[in-house]
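Engineer: what follows is a predicted protein model with its sequence.
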Amino acid sequence: MEILVALVGFIAGVLAGLFGVGGGIVFVPALVLVLGLTQLHAEATSLLAILPTVVAGAWQQNRYGNVEWRSALLVGLGSIAGVEGGVQLAKALPEDVLRRLFAVFMLLVAANLAWRACRSKSAYSSDDERV
């Protein structure tokens with residue numbers, strides 16, 4: 001079981017480094033579907049498990065000069081302010097409602113990303129294609 005848990009962490013780490021995701025997109029579904037945690041326990045565990053990933057990813061991205069510190073600080077402060085309300089709401093909702101809301105949220109995010117990807121122009125023109 002410990003190997004499976006570590007494998008989930010490894011995969012989440014790769015995806016976090018590649019796409020900047022981890023907690024909601026990888027950890028929560030894996031903890032529910034693979035490890036059998038409840039939705040609420042998976043969300044709570046994900047919040048703690050993501051901390052090492054966040055620290056390592058932010059440190060590495062900062063080395064490359066990719067961190068926008070002002071934006072990160074504002075988003076972080078907003079997240080701290082909002083997380084308590086989210087936790088209280090998650091605790092108040094029935095498990096099946098919480099799981100459905102999470103699924104709807106993930107579908108909306110995926111649809112938005114797909115819409116933006118289809119509407120955006122290629123990063124490279126045909127004259128400047130990378131090999």
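Structural biologist: Yes, it's here. Every value quoted in this text rests on a predicted model; they were computed, and no experiment measured them.
Engineer: alpha carbons only for contacts and neighbour counts from here, please
Structural biologist: OK.
Engineer: counting neighbours, what do you get for Gly78?
Structural biologist: 11 (other CA atoms under 10 Å).
Engineer: please report how far it lies from Ile25.
Structural biologist: 20 Å (CA to CA, to the nearest Å).
Engineer: Val14 now?
Structural biologist: 12 Å.
Engineer: got it, and Leu93?
Structural biologist: On the measure of CA to CA, Leu93 and Ile25 end up 20 Å apart.
Engineer: over to Leu37?
Structural biologist: Taken as CA to CA, the span from Leu37 to Ile25 is 15 Å.
Engineer: swap in Glu84?
Structural biologist: For Glu84, the distance to Ile25 - CA to CA - is 20 Å.
Engineer: for the protein, which segments are assigned as helices?
Structural biologist: 2-19, 28-33, 39-63, 69-92, 95-119 (DSSP state H).
Engineer: please identify the most buried of these.
Structural biologist: helix 28-33 (a mean of 19; mean count of other CA atoms under 10 Å).
Engineer: who does that one touch, helix- and strand-wise?
Structural biologist: helix 39-63 (3 or more CA pairs under 8 Å, 6 or more residues apart in numbering; DSSP states H and E).
Engineer: thought Leu98 was touching Thr38?
Structural biologist: No - applying CA atoms under 8 Å, one finds Leu98 not in contact with Thr38, separated by 10.1 Å.
Engineer: so what does Leu35 look like in phi/psi?
Structural biologist: phi -100, psi -10 (degrees, to the nearest 10).
Engineer: skipping its backbone neighbours, what lies nearest it in space?
Structural biologist: Closest residue to Leu35 apart from its sequence neighbours, by CA to CA, 6 or more residues apart in numbering: Val5 at 7.7 Å.
Engineer: from Leu47, how far out is the one you found?
Structural biologist: Distance from Val5 to Leu47, by CA to CA: 15 Å.
Engineer: quick one: low-confidence ranges for the protein?
Structural biologist: 22-23, 122-131 (pLDDT under 70).
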